[in-house]
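Enquirer: structure here, sequence nowhere to be found:
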């Protein structure tokens, strides 16, 4: 089993092939992998939308992929977001309790949310989720009358994003156990 940590750049699609010829995370990753790793059939562990940057995991192991993408694993994902508006405790509390999502996705699970800073007419927040619905962070912010300006995944489990954009590294078996609680 191999697990890679990769810092996805904004603008890349998390798909194997795009019918419009746009660049994907697999194109960018394979271009820099050594020969033995470039031949591996990689699977992204979850997704990040085109406009989101940050930590994305890849694996060649179906069991790890299943484990890491199931809500029952309890694997958290932490995001840092620049959002419209000066969010206060009432708005943050709504996110902490769960909000109705657009697109028929039901209600978000409660999130851990903290205010990092206010700027002129914007707020930096950090959200930790235990599920992974389609564009969930963006939909959560819309539900409270805000909107995401910039979004980056900064942590999966306890593994923090510590790579420059487009860089990757292979995780050791000990790191996989430590950061994701996966015993294989």
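Expert: Noted; the coordinates are in hand. Remember, it's a predicted structure, so these values are computed and weren't measured experimentally.
Enquirer: next, name the residue at the spatial heart of this structure.
Expert: With distances taken as C-alpha atoms, centre = their mean, the chain has residue 153 as the residue nearest its mean C-alpha position (4.4 Å).
Enquirer: pull up the pairing partners for the helix or strand harbouring it, direction included.
Expert: Taking DSSP states H and E as the criterion, the element that holds residue 153 is strand 148-156. When pairing is defined by DSSP bridges, strand 148-156 lines up against strand 52-59 (parallel), strand 77-84 (antiparallel), strand 159-160 (antiparallel).
Enquirer: show me the one of the ones you listed that comes nearest residue 170.
Expert: Ranking the strands paired with strand 148-156 by their distance to residue 170 (criterion: C-beta to C-beta) puts strand 52-59 first, at 10.0 Å. The C-beta positions use only the backbone N, C-alpha and C, and glycine is treated the same way.
Enquirer: could you point out which element follows that closest one?
Expert: Scanning forward in sequence from strand 52-59, with DSSP H and E defining helices and strands, the next element found is helix 62-69.
Enquirer: just the strands paired with strand 148-156: most buried one?
Expert: Burial of the strands paired with strand 148-156 is given as mean neighbour count (mean count of other C-beta atoms under 10 Å); strand 52-59 ranks first at a mean of 23.
Enquirer: what's the mean pLDDT across that strand?
Expert: For strand 52-59, the mean pLDDT works out to 97.
Enquirer: what angle do that strand and helix 62-69 make?
Expert: In this structure, strand 52-59 runs at an angle of 150 degrees to helix 62-69, with axes from the mean of the first three to the mean of the last three C-alpha atoms, to 10 degrees as the basis.
Enquirer: residue 61: how many residues sit nearby?
Expert: Look at residue 61: counted by other C-beta atoms under 10 Å, it has 17 neighbours.
Enquirer: chain neighbours aside, what residue packs nearest to it?
Expert: On the basis of C-beta to C-beta, 6 or more residues apart in numbering, the spatially nearest residue to residue 61 that is not a chain neighbour turns out to be residue 1, at 3.9 Å.
Enquirer: can you give me the strands in the protein?
Expert: Under the criterion DSSP state E, the chain contains strands at 3-8, 43-45, 52-59, 77-84, 112-119, 122-129, 148-156, 159-160, 168-170.
Enquirer: what distance do you get for residue 144 to residue 10?
Expert: Using C-beta to C-beta, to the nearest Å, one gets 23 Å for the distance from residue 144 to residue 10.
Enquirer: and residue 135, how far from residue 129?
Expert: When C-beta to C-beta is the yardstick, residue 135 and residue 129 sit 12 Å from each other.
Enquirer: same question for residue 25.
Expert: Spatial separation of residue 25 from residue 129 under the definition C-beta to C-beta is 20 Å.
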